[in-house]
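sharing a model that was predicted from the sequence below.
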2 protein chains.
Amino acid sequence: MAAELVDRLAALVGPGWVVRDLEPLAEYGHDATFMESGLLCAVRPASTEEVAAVVREAAAAGVPLVARGAGTSLVGGPVPLAGGVVVSLDRLTRLEIDVRNTVAVAGAGVVTAALDAAAAEHGLMYPPDPASYEMSTIGGNVACNSGGMRCVKYGVTADYVIGMTVVLATGEVLRLGGKLRKRASGYRTLQLFIGSEGTLGIVTEVIVKLIPRPRFTATAMVGFRRLEDAGSAVARALAAGHFPAAIEILDRGSLELVAGQLPPGFEPGLEAVLIVEQDGNDEEFVQLDLMKMVEVLGGADNRIAQSSLERERLWAARRSFGKVLMSMPKNFFAEDVAVPIAEIPEMIRRVQDLARATGLRIVTVGHAGDGNLHPTILFEDSQRGLVSAAAAQIFRDALALGGSISAEHGLGALKRDYAELEHGALGMDVMRRFKKALDPAGILNPHKVFPEQPADDAFLESMPGWLPDPDRQRRRAELGL
Amino acid sequence: MAAELVDRLAALVGPGWVVRDLEPLAEYGHDATFMESGLLCAVRPASTEEVAAVVREAAAAGVPLVARGAGTSLVGGPVPLAGGVVVSLDRLTRLEIDVRNTVAVAGAGVVTAALDAAAAEHGLMYPPDPASYEMSTIGGNVACNSGGMRCVKYGVTADYVIGMTVVLATGEVLRLGGKLRKRASGYRTLQLFIGSEGTLGIVTEVIVKLIPRPRFTATAMVGFRRLEDAGSAVARALAAGHFPAAIEILDRGSLELVAGQLPPGFEPGLEAVLIVEQDGNDEEFVQLDLMKMVEVLGGADNRIAQSSLERERLWAARRSFGKVLMSMPKNFFAEDVAVPIAEIPEMIRRVQDLARATGLRIVTVGHAGDGNLHPTILFEDSQRGLVSAAAAQIFRDALALGGSISAEHGLGALKRDYAELEHGALGMDVMRRFKKALDPAGILNPHKVFPEQPADDAFLESMPGWLPDPDRQRRRAELGL
């Protein structure tokens, strides 16, 4: 009967676009963290209509479906935990830059960097830039409401999506929004699909707003002797009227890791470093605004790049972070939490306390501008059992400070059991009502987002296949964290 | 039994905060367009907990509830069509500017301009600026996802709300989000409440992001001989790298109306005028960027203000629009539609054709930057019957051009019957599922958003009380349109 379903799917999308054999099929069973085998097949439909036909067929057979972009998730989002059919959207690569309406129409399989590059040809920009954006797809970004470095000034994925084609669990095709930049008509259904991680529908195409592309960028590195001063810097810059294009933070531990990439003679023993950018259309003003901002930030050692070469050098420390991790003999696991910006110092301090208490090395980088931190746990094989408890403590600390267990990666499988700690019983109940309203049989991406066991037993422990493949982690780390 | 419910509500909020008498009660039965009598009472709770208690009591009695802000709606949003209890949120005026986190916490009853003014004291800004913002409340803005003039650059209400307290139809209190600027954890439930016009829950408090307040603003007026050139101007400015803080449009008809307010010697016989603004922190750069933008726009008569007095003079034409309308012996009715920005000229032309075909005078102003147009119908009492059909035609034209029947006002009662033309049967069905998931008994703001009769018989005709009170319209028009 399973084989019959695969045959029927092959008839729908063409036999060359169904993957059944074990070895190539394995490629569809993992993300950047772990994998699951046992899926029935992967299909690679060529259009929304083919996706809809596949969903109808699988739904009729009661077989689960998991939509898949580039598989760069760090939380097991596209891993097919219940087996079934993986719907790869890699062939949905239609891309149109509509300059007259200043929007882009993109198939779910369009790589995000390609979308932005196409916009750039017309002097326009698609701002959200997750670290994986040279590999990840706009469909995956929409599923996870991805963020990135430019988001402090420009917002996240959800701030740009104005139209969407989504295949529902019934196989019905729902078209939401359009090329319109402003709408106050009816419920914001479109927004509910964003960040729903493929559990409410399969997004096959989106329409995104584009904005004018700033022509110049200026970069500075600002070092702080006290964590508090670095943490309060973001709010001080904003209140002084500066809207930075990026504010990245590296704590003392991550500075030690990338010490070789810091500018020559850079003040040693700093507690934190911010990399700050401004962008705009007037070179002189952009540089001037950055200089004023650096003055407001008030660091102990400040470097302002005077050329694009110097800009690259300042970024080297942050950009080399992933590569340094990969070159080390240890394993690593990068977390993704967010706190209100005033709580950044306290959150970093709690992570440092946790490192001391557990003996784990934990270093923190992040997008300070929106309070998004990536505490990264380095560990020996023998310490693997500690990682789970440490990550759980990081979640609890972020929540205690009014934060979130996921700023830009989603909940997927790895964090689902902590969702209720963040959203409360009523919040989860409302989410379950939405799931039931749109996918009553639960065939879309099962075992994701919603808790399945008490949080304290949960994180990673329930994932036997966790971290099976260092290569996968490396591929992801190359793209930054 | 009804009287008993009112007594119980009085016990919950205090007898001084229940309005039962006919005359004061009438104040709670209208918006800026029409009114409905027959409500049971209005209550003015002092806290989320009191709102929740009121909802529980009314829900137990099966009596409908309508949340009310300042009553500035132009689509009958807060008009209690099914009677019942009006829950006025005017006492929920707690306001906190949290500078360290660059957010504001505001009770639903806080007037939007007061929120922005409080942010301004700290060098910060709350950008969404609906024309009514000196009167309308943040709660009402959230219910309608209100826009405004600054939205082309800064976005609408939904782009700023990051936290919310909402009382559900059961009286349960749901807290969503927080002071966090970035979150990819669980469904975006918060976004579904925005723009739901009080039909899914009663929002009692919000947390909104603030941004740096630009210190300088520059203003220009650009006149066009051809509508096409004005229409394509927005996209050309964006593609040239300029992100204007506002682009307002006046068509030939509205220019005739406010001719006395145009700058001396301004080119006569223009087809359209744009008022363009830029803002930022460097006075020189802001002025320079605006000048370059005006060059890109390429108008036939361009005026760039050189002082704040000149800025005010350029704005006079647009700002006087409402006052001129009020001074005329005719009635007027302002519509609110949106189209993709490239379709602005075609939409204006269709409105002008409609005016010729019906003999109605229809003039158009709007926020050209996001395709939001306000065709305004001027009519004699004898033409009242024509207005309904004309508005319906404006809706159909906006939809035919890929637009929306409401850009920033909501659907309310006046536009509900056209919702399905825009969203389709499946789109409405999904919306109904959300309504059923959150308010199965349908006690929250009944007869709004969802269609009740076929669109062609619908607009205004079904509203016997439409336009009963010119004073109400005047009060709204004073604030702009």
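Yes, it's here. Numbering: from 1, shown residues only, chains lettered A, B, ... in the order given.

which parts of the stretch 201-350 of chain A sit against chain B?
A:210-215, A:232, A:234-235, A:237-243, A:281-282, A:285, A:288-289, A:338-342 (CB under 8 Å from any CB of the partner chain). In this view, the C-beta of every residue, glycine as well, is placed from N, C-alpha and C.

where does the prediction get shaky in chain A?
Applying pLDDT under 70 to chain A picks out residues A:456-481.

now do the longest helix along it: distance to the chain's middle.
Ranked by residue count, the top helix of chain A under DSSP state H comes out as helix A:419-438. Here helix A:419-438 is found 21 Å from its chain centre; the criterion is CA atoms, centre = their mean, to the nearest Å.

buried residues in it?
The neighbour-count check on helix A:419-438 (16 or more other CB atoms under 10 Å in any protein chain shown) flags A:419-423, A:427-428, A:430-431, A:433-435, A:437-438 as buried.

relative to residue B:65, which of these is nearest.
residue A:430 (18.7 Å; CB to CB).

was I right to think the closest one contacts residue B:190?
No. The pair residue A:430 and residue B:190 does not pass the contact test of CB atoms under 8 Å, sitting 10.5 Å apart.

buried only: go through the residues of the stretch 201-350 of chain A next to chain B for me.
Buried among those (16+ other CB under 10 Å): A:210-214, A:232, A:234-235, A:237-239, A:241-243, A:281-282, A:285, A:288-289, A:338-342.

so which of those residues belong to helices?
A:232, A:234, A:235, A:237, A:238, A:239, A:285, A:288, A:289.

tell me if I'm right that the fifth one and residue B:124 touch.
So that's residue A:238. Yes. Residue A:238 is within contact range of residue B:124, at 7.0 Å (criterion: CB under 8 Å).

which parts of the stretch 51-200 of chain A are strands?
Secondary structure of the stretch 51-200 of chain A (DSSP state E, counting those that start in this stretch): strands located at A:65-68, A:84-88, A:95-98, A:103-107, A:124-125, A:161-167, A:173-177.

same check, this time on the stretch 301-450 of chain A
A:301-304, A:331-334, A:337-338, A:361-367, A:372-379.

indicate which one of the ones you listed is closest to residue A:53.
strand A:331-334 (38.3 Å).

what helices and strands are in contact with the closest one?
If contacts are counted by 3 or more CB pairs under 8 Å, 6 or more residues apart in numbering or on different chains; DSSP states H and E, strand A:331-334 sits against strand A:372-379, helix A:384-400, helix A:470-477.

kindly recompute the last result at 10 Å.
Identification of packing neighbours for strand A:331-334 by 3 or more CB pairs under 10 Å, 6 or more residues apart in numbering or on different chains; DSSP states H and E yields helix A:321-327, strand A:361-367, strand A:372-379, helix A:384-400, helix A:470-477.

got the angle for the second one vs helix A:384-400?
Same thing as strand A:361-367. Note on geometry: by axes from the mean of the first three to the mean of the last three CA atoms, to 10 degrees, strand A:361-367 and helix A:384-400 are set 40 degrees apart in direction.

and strand A:361-367, how far from the chain's centre?
Distance, centroid of strand A:361-367 to centroid of chain: 16 Å (CA atoms, centre = their mean).

repeat that for the longest one.
Taking the mean C-alpha point of helix A:384-400 and that of its whole chain, the gap between them comes to 19 Å (CA atoms, centre = their mean).

tell me if it is near chain B.
Yes. Shown here: helix A:384-400 in contact with chain B (CB under 10 Å from any CB of the partner chain) through A:398, A:399.

and that helix with helix A:419-438, angle?
80 degrees.

quick check: buried residues in helix A:384-400?
A:387-399.

among the residues you listed, give me the pair with the biggest separation.
Greatest spatial distance among these (CB to CB): A:387 and A:399, at 18.9 Å.

hey, what's in contact with both of residue A:238 and residue B:124?
B:99, B:102, B:209, B:210, B:211, B:212, B:213 (CB atoms under 10 Å, 6 or more residues apart in numbering or on different chains).

state whether the third one and residue B:101 are indeed in contact, as I suppose.
Yep, that's residue B:209 we're talking about. Yes. Using CB atoms under 10 Å, residue B:209 and residue B:101 qualify as a contacting pair, with a distance of 9.4 Å.

joint contacts of those two?
A:238, B:179, B:180, B:181.

what about these, which are in helices?
Using DSSP H, the shared contacts of residue B:209 and residue B:101 in helices are residue A:238.

circling back: looking at the strands of the stretch 301-450 of chain A, which is buried most?
Comparing these by mean neighbour count (mean count of other CB atoms under 10 Å in any protein chain shown), strand A:337-338 ranks first with a mean of 30.

by proximity to chain B, which residue of the stretch 1-150 of chain A wins?
Here the stretch 1-150 of chain A gets closest to chain B at one residue, residue A:100, 3.8 Å apart by CB to the nearest CB.

where does that residue fall, phi/psi-wise?
phi -60, psi -30 (degrees, to the nearest 10).
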